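Participant: what shape does this take:
(chains A, B, C and D)
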There are 2 protein chains.
Amino acid sequence: MTGRAKRVTIRTVAEDADVSVAAVSKVLRNSYGVSERMREKVQASMQKLGYRPHSAARGLRGKTFTIGLLQNDLRNPYLPTIFDGIFKGLEGSGFQPLLGVGQSTEPLETALINAMIDRQMDGLIMVAPRLPGEKIEQFAREVPTCIIAHHHPDEDAFDTVNFDDKLGARVAVRHLIEQGCHNIVMLSQALPEPGVSNVIQQRELGFIEAMGGLNKRPSDAIVHGFFDAASTETLIRELLLKPDRPDGLFCWSDMVATQVFVAAAEIGLRIPEDIAVVGYDNTYDDQLRPFGLSSLNQPGYKLGVAAAQLLLSRIEGRSEAEHKVFSPELIVRGSSLRSDDT
Amino acid sequence: MTGRAKRVTIRTVAEDADVSVAAVSKVLRNSYGVSERMREKVQASMQKLGYRPHSAARGLRGKTFTIGLLQNDLRNPYLPTIFDGIFKGLEGSGFQPLLGVGQSTEPLETALINAMIDRQMDGLIMVAPRLPGEKIEQFAREVPTCIIAHHHPDEDAFDTVNFDDKLGARVAVRHLIEQGCHNIVMLSQALPEPGVSNVIQQRELGFIEAMGGLNKRPSDAIVHGFFDAASTETLIRELLLKPDRPDGLFCWSDMVATQVFVAAAEIGLRIPEDIAVVGYDNTYDDQLRPFGLSSLNQPGYKLGVAAAQLLLSRIEGRSEAEHKVFSPELIVRGSSLRSDDT
DNA sequence: TATAGTTTGTAGAACGTTATACAAAAACAA
DNA sequence: TTGTTTTTGTATAACGTTCTACAAACTATA
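Facilitator: The predicted structure follows:
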């Protein structure tokens, strides 16, 4: 009954406004050489017919006005703040962001980025990609690219936006030392493929630097969790039950920090008296307030806005790379604050 | 230095394999009329040159092999389970899922869906859309569509996949009554635009049904929270501090339920002794175990897989609508379990 | 009034596919 | 052999845009 209506194309508009197809296209892209009278006539027709440009067709020639966003972990509560920033930064630019989920493996990530390039997207923002630098560089040569949360300070094929992860780790360690911790351990995460560009690796490096003064082999002071929560939990339990269990724990993310809370409670260890805990990302601001988790605040929103702006300017033609680095800030709460009178 | 390499097209392949463009296209779509010898020759060339079809170009004629996913709330921890299911269900189909974020307002959602249609996507899966039924129906006539978590049992323009939300609410209320609660309140959420298709509304309806026997006006028994966490928190506090505060709370989602935990702890109310709490979605399985939140389990994974399959079959040509409804299951934990010996 | 701009509009090739219509070759039947 | 099918491969018109070249109509200048 309701016959699939024929799409309104640039041609339909041209006929309706009684001008050439080329004219309509010009109006659309507001390029040089259209009289006021014509512009109005054409715009009226577009309005009337409800014309919307067909981006697949556009893609064949020029832009698709689409930005590809690469994300790996839908569950990480830190990431939405980044996306909020990206959306904000893209608002009003006419570019439509679309998100692809890489599921944390290199082949899937590669396939996804290829898919985006095949769909002729105009720019890419990757959040914490798993891909090695050379691969990203290769892609970046095909399409304007901006990377969030992956350190490539010397790269010139693409832009990066980061918080200073080394600094964050150093600040955390210093704080734990000030609180009287002697046996500080970092709860990190095993990387599928290690590389200094990785945010976690950077935090490890900062941790090692800051621990330089302590008499402990760094390798012993870093424990690597896993990607799935269950195995990480076992690991945490083991760590907390060891005879020489740590009295200070620096967690690579708030997510694992909450797991520590759970495990500690079940084992009967007090936080911060028995173990002081510092997390990372300052998520869970509302939801887990009673835990009072100390954490490094690094508003993802900032990253997102900056990335969007960089990408837009690159699409506009900029070709020298820019690398933005923001500084995280330690928010001290109950989980690491011991009364100074011991 | 590294000149942007020219893209390998179907034409390049044709030349390399020394056949016609049409032939390559046929191989690509494995359509009728290709000899074994030719198929091999062409595939070898494609392999050698690393050919990848250009979907923007494809879109101009036929399919783009892209599925649009509509999501509204990146922060809801329940949704990733749905997406896992969708990804799984789409795996190996050759369709690439891409996610758009609607940000919970109707105009943005409409714009987003239009953007997807303009990009010539082959199918749409919308998760808990804000759009009214007629609008969805309109879109569904342009492109195969499947809706998750929105009840439209009589619709025939698109498919739906849901858990039975009324049932879940009824089960929750019955359980609370069995646990001796007399003053049961539902903590719901204000809807931007109400409609029975909405999941939350359905839960309210189920709640009212089950409360039928109790001597309280339903309108008093349902409290509506807000979209932002902060205002909802204030509301919860007020509710818990009222002289006739509830002794049983049915929360529309685990997210608000955790807020209740926080507020109760700060006010000094015990769960479940003072208030029994039942949540919805059974998220936070790992992370909040110590809270022991009773909740309605409704694995999103199932929804996702089913939706993907329905969509694929619709793309294949099915035209009669299908409406799948699964049953949620109450998982009883400490937050609502009172020892029976009073 | 010529001549040289400048402004306004149009034709039409191109982008990388798909798919229809058809020609050529091979296989079969009489 | 001759005709009839069937198989295999090709030429080419779309699809909806963009954009370069160019023609036509004005304006300004000499």
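Participant: next one: phi and psi at the nearest residue to residue A:226 once chain neighbours are set aside?
Facilitator: Nearest non-adjacent residue to residue A:226, counting by C-beta to C-beta, 6 or more residues apart in numbering or on different chains: residue A:232, 5.2 Å away. (Glycine included, C-beta is placed from N, CA and C.) Taking degrees, to the nearest 10, you get phi -60, psi -40 for the backbone angles of residue A:232.
Participant: which ones are touching the closest residue to residue A:277 other than its chain neighbours?
Facilitator: Using C-beta to C-beta, 6+ apart and skipping residues adjacent in sequence, the residue nearest residue A:277 is residue A:335, 4.5 Å away. By C-beta atoms under 8 Å, 6 or more residues apart in numbering or on different chains, the contact set of residue A:335 is A:257, A:261, A:271, A:272, A:276, A:277, A:278, A:279, A:291, A:292, A:293, A:294.
Participant: swap in residue A:199?
Facilitator: By C-beta under 8 Å, 6+ apart, the contact list for residue A:199 reads A:128, A:149, A:150, A:151, A:162, A:165.
Participant: repeat that with 10 Å
Facilitator: A:128, A:148-151, A:162-163, A:165, A:168, A:191, A:252-253, A:280 (C-beta atoms under 10 Å, 6 or more residues apart in numbering or on different chains).
Participant: residue A:23 in helix, strand or coil?
Facilitator: helix (DSSP: H, G, I helix; E, B strand; the rest coil).
Participant: was I right about it contacting residue A:17?
Facilitator: Yes. Judged on C-beta atoms under 10 Å, residue A:23 makes contact with residue A:17 at a distance of 7.9 Å.
Participant: what do those two both touch?
Facilitator: Common neighbours of residue A:23 and residue A:17 (criterion: C-beta under 10 Å, 6+ apart): A:38, A:41, A:42.
Participant: taking the stretch 51-200 of chain A, what residue is nearest to DNA strand C?
Facilitator: residue A:60 (3.2 Å; C-beta to the nearest atom of the strand).
Participant: so that residue sits in a helix?
Facilitator: Yes. Assignment of residue A:60 by three-state DSSP places it within a helix.
Participant: how much space separates the closest residue to residue A:90 other than its chain neighbours from residue A:160?
Facilitator: Once flanking residues are discounted, residue A:90 sits nearest to residue A:308: 4.9 Å by C-beta to C-beta, 6+ apart. Remark: distance between residue A:308 and residue A:160 (C-beta to C-beta, to the nearest Å) = 14 Å.
Participant: how far away from the center of its chain is stretch A:54-63?
Facilitator: What separates the centre of stretch A:54-63 from the centre of its chain is 28 Å, taken as C-alpha atoms, centre = their mean, to the nearest Å.
Participant: quick one, what contacts residue A:8?
Facilitator: Neighbour list for residue A:8: A:16, A:45, A:46, A:48, A:49, A:50, A:51, A:52, A:54 [criterion: C-beta under 10 Å, 6+ apart].
Participant: against residue A:51, how distant is it?
Facilitator: Taking C-beta to C-beta, one finds residue A:8 at 5 Å from residue A:51.
Participant: so for the two, which residues contact both of them?
Facilitator: Taking C-beta under 10 Å, 6+ apart as the criterion, residue A:8 and residue A:51 both touch A:16, A:45.
Participant: phi and psi next, for residue A:296.
Facilitator: Main-chain dihedrals, residue A:296, degrees, to the nearest 10: phi -90, psi 120.
Participant: give me every residue that touches it.
Facilitator: With C-beta under 10 Å, 6+ apart, residue A:296 has these contacts: A:163, A:165, A:167-169, A:171-172, A:175, A:203, A:250, A:253-254, A:278-282, A:327-331.
Participant: repeat that with 7 Å
Facilitator: Residue A:296 sits next to A:168, A:172, A:280, A:281, A:282, A:328, A:329, A:330 when contact means C-beta atoms under 7 Å, 6 or more residues apart in numbering or on different chains.
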